[in-house]
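# sequence and predicted model, in that order:
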Amino acid sequence: QVQLVESGGGVVQPGTSLRLSCAASGFTFSSYAMHWVRQAPGKGLEWVAFISYDDRNKYFADSMKGRFTISRDNSKNTLYLQMNSLRADDTAMYYCARAWVPYSGSYNFDYWGQGTLVTVSS
Amino acid sequence: QSALTQPASVSGSPGQSIAISCTGTSSDVGHYNYVSWYQHHPGKAPKLMIYDVSNRPSGVSDRFSGSKSGNTASLTISGLQAEDEADYYCSSYTTRSTLVFGTGTKVTVL
């Protein structure tokens, strides 16, 4: 069955960096675009970034552009989110999500991980 | 990119119909027919309920329907059931190749 397992969250100070990972299994990872979505405590969903199945295209939400980098290693079935210059308002649960149609740039999600919590605090 | 605007809460009695609006701009909701709706029970993964404005994924009840007019999309839940109580989020692809979610609506079944 499809599984997405995030890791790498934790408590960090403002201005520092963190790298999140999302280990995928149960499907052909290299065939699917992937996304990161976050949810701050008590707030709604916020889209973070997209990476195409072939790593050719990457897009970011405005507030993350220039600070966050998305990447993937199809040989390891793993998605990454490198977060730099972290701010208090980056505090959130971060989810990886699979685009629901293979070989597409779909922005619809059919599977989500359980999330990894990032807390930015001094 | 500002979040799409949804009402904070909507409620209805079992069997009734409710509608949730999702208002964006000409750069997102109004530009493409790429509006989706997710049902989110706290502690569980969001579930895709509607995609491309009005299409239902396989397995989603036909009590859920979507529509769009101009910069506003809507999700209608008919024959409201207790299990429909959840948070609902719209989302839209944008002209900048990004995605924007709505502010979220808490649906309460009275």
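Nice, thanks for sending it over.
# with adjacent residues omitted, what lies nearest to the spatially most central residue of chain A?
In chain A, the residue lying closest to the centroid (C-alpha atoms, centre = their mean) is A:Trp36, at 2.8 Å. Residue nearest to A:Trp36 in three dimensions, not counting chain neighbours: A:Val48, with 4.0 Å by C-beta to C-beta, 6 or more residues apart in numbering or on different chains. In this view, the C-beta of every residue, glycine as well, is placed from N, C-alpha and C.
# what's the answer for B:Gly12, then?
Computed as C-beta to C-beta, 6+ apart, the closest residue to B:Gly12 that is not its neighbour in sequence is B:Ile18, at 4.2 Å.
# correct me, but the one you found touches B:Ser11?
Yes: contact criterion C-beta atoms under 8 Å: B:Ile18 and B:Ser11 qualify, at 7.4 Å.
# overlap in contacts, those two.
Residues within reach of B:Ile18 and of B:Ser11 at once, by C-beta atoms under 8 Å, 6 or more residues apart in numbering or on different chains, are B:Val107.
# same drill for the two, tell me which one is more crowded.
Ranked by neighbour count (other C-beta atoms under 10 Å in any protein chain shown), B:Ile18 and B:Ser11 place B:Ile18 first, with 19 against 13.
# other SSEs contacting the helix or strand hosting A:Glu6?
A:Glu6 belongs to strand A:3-7 when assigned by DSSP states H and E. With contacts taken as 3 or more C-beta pairs under 8 Å, 6 or more residues apart in numbering or on different chains; DSSP states H and E, strand A:3-7 sits against strand A:18-25, strand A:92-99.
# can you pull the buried residues of the first one?
The neighbour-count check on strand A:18-25 (16 or more other C-beta atoms under 10 Å in any protein chain shown) flags A:18, A:20-24 as buried.
# next SSE after it?
Elements were assigned by DSSP H and E; along the chain past strand A:18-25, the next helix or strand is strand A:34-39.
# ok, now the last one?
Using DSSP H and E, the helix or strand that follows strand A:92-99 in sequence is strand A:109-112.
# all helices for chain B, in order.
Applying DSSP state H to chain B gives no helices.
# get me the contact residues on it for chain A.
Neighbours of chain A within chain B, by C-beta under 8 Å from any C-beta of the partner chain: B:1, B:3, B:34, B:36, B:38, B:40, B:45-46, B:48, B:51, B:57, B:87, B:89, B:91, B:93, B:96-104.
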